[in-house]
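Visitor: my questions concern the predicted model and sequence given below.
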Amino acid sequence: AQSVTQLDSQVPVFEEAPVELRCNYSSSVSVYLFWYVQYPNQGLQLLLKYLSGSTLVESINGFEAEFNKSQTSFHLRKPSVHISDTAEYFCAVSNRDDKIIFGKGTRLHILP
Amino acid sequence: NAGVTQTPKFRVLKTGQSMTLLCAQDMNHEYMYWYRQDPGMGLRLIHYSVGEGTTAKGEVPDGYNVSRLKKQNFLLGLESAAPSQTSVYFCASSYRVEAFFGQGTRLTVV
C-alpha cells in the first residue's frame, strides 16, 4: 500500500530565508508525486507534480521539488520565502490507476 | 468552468441526524474522492470512485456511505451523525493524476 510521510507538522522560517519541506513516500510500484497548497479557508490547489522525465520540477511561484527514487523522497524547496507563502502544504502520491494518498500536511509560518 | 462544486458549504447537525453532501464536477473526470480534514491529521480518504456506478472504501469509511449514479456527481451520506464526524469535508475529482478540489464543507455535529 502507498503511504506518505511529511516529517514536519510546522515549519517557521523568516521572510526571505530558504525553506525545505520534507516528504517521503512508500510504494511498491512506479509513482506520481505531487505537492498541493492550501491557503487559509480555501481548498487545495496543485503546486507542482512529478510524472516522469526530469526529476526536478518547478512551480510558477518559485517552489521546486526533486524526485529522489533511491531515498523515496520528494522534498519541496524555495530559496527565498515571502509572507504570501504562508499556507499548509500537502505531499501526495498516486500510481497510474489508483487513488491519491495525502500526507498529514506541513504548516509553513513566515516570520517577519 | 465551475470545476468542482460542493453543497452545502456549512452545516450544523444534531447527533443522530442524517444528511447528504453533494459534489458535482463538470470536467468529465472518471475519478472522484471524498476526504475529511482534521487538525493534525491531514487529509484522510473516506471513499472514492473510479467511474460511474462504482465506489470503494478509503482509509476511514465507517459511518459514511457514497453513491455515484451519474458520472458528474458523487454523494456522501451520513446516516446517523456523531460528534466524531465534525470535520471539514473535501471532494475532489481527477483524470488519472491531477486532482481538483472543491472549496470544502464545514460540518459540525452537536
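Guide: Looks like it arrived, so ask away.
Visitor: if I pick the nearest residue to B:Lys57 once chain neighbours are set aside, what's in contact with it?
Guide: The shortest distance from B:Lys57 to any non-neighbouring residue, by Cβ to Cβ, 6 or more residues apart in numbering or on different chains, is to B:His47 (6.0 Å). C-beta: built from backbone N, CA, C; applies to glycine. B:His47 makes contact with B:33-34, B:55-58, B:61, B:64-66, B:76 under the criterion Cβ atoms under 8 Å, 6 or more residues apart in numbering or on different chains.
Visitor: apply 7 Å and report the result again.
Guide: Contacts here follow Cβ atoms under 7 Å, 6 or more residues apart in numbering or on different chains; on that basis B:His47 touches B:34, B:55-58, B:61, B:64, B:66.
Visitor: one more: B:Ser93?
Guide: Contacts here follow Cβ under 7 Å, 6+ apart; on that basis B:Ser93 touches B:4, B:25, B:27, B:29, B:31-32, B:100.
Visitor: any idea which element the residue nearest to B:Lys57 lies in?
Guide: Mapping B:His47 onto the secondary structure by DSSP states H and E places it in strand B:42-49.
Visitor: now the residue in chain A that chain B sits nearest to: how far from B:Gln85?
Guide: When you check chain A against chain B by Cβ to the nearest Cβ, the closest residue turns out to be A:Lys104, at 3.3 Å. When distances are taken as Cβ to Cβ, to the nearest Å, A:Lys104 and B:Gln85 turn out to be 19 Å apart.
Visitor: rounded mean pLDDT for the helix or strand encompassing B:Ala92, please.
Guide: Using DSSP H and E, B:Ala92 sits in strand B:87-94. With pLDDT averaged residue by residue, strand B:87-94 scores 95.
Visitor: export that strand to PDB, keeping only CA atoms.
Guide: Taking Å, rounded to 0.1, in the frame of the first residue of the first chain, the C-alpha atoms of strand B:87-94 are listed here in PDB:
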ATOM      1  CA  SER B  87     -14.800  18.000  10.300                       C
ATOM      2  CA  VAL B  88     -14.200  19.800   7.000                       C
ATOM      3  CA  TYR B  89     -15.100  17.600   4.100                       C
ATOM      4  CA  PHE B  90     -13.400  18.000   0.700                       C
ATOM      5  CA  CYS B  91     -14.500  16.500  -2.600                       C
ATOM      6  CA  ALA B  92     -12.000  16.100  -5.500                       C
ATOM      7  CA  SER B  93     -12.100  14.800  -9.000                       C
ATOM      8  CA  SER B  94      -9.200  13.600 -11.200                       C
END
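Visitor: what's across from the residue positioned nearest the centre of chain B in the sheet?
Guide: The centre of chain B sits closest to B:Trp34, judged by Cα atoms, centre = their mean, with a distance of 3.2 Å. Beta-bridge pairing of B:Trp34 under DSSP bridges involves B:His47, B:Cys91.
Visitor: just list the residues touching it, thanks.
Guide: By Cβ under 7 Å, 6+ apart, the residues touching B:Trp34 are B:46-47, B:66, B:74, B:76, B:89, B:91.
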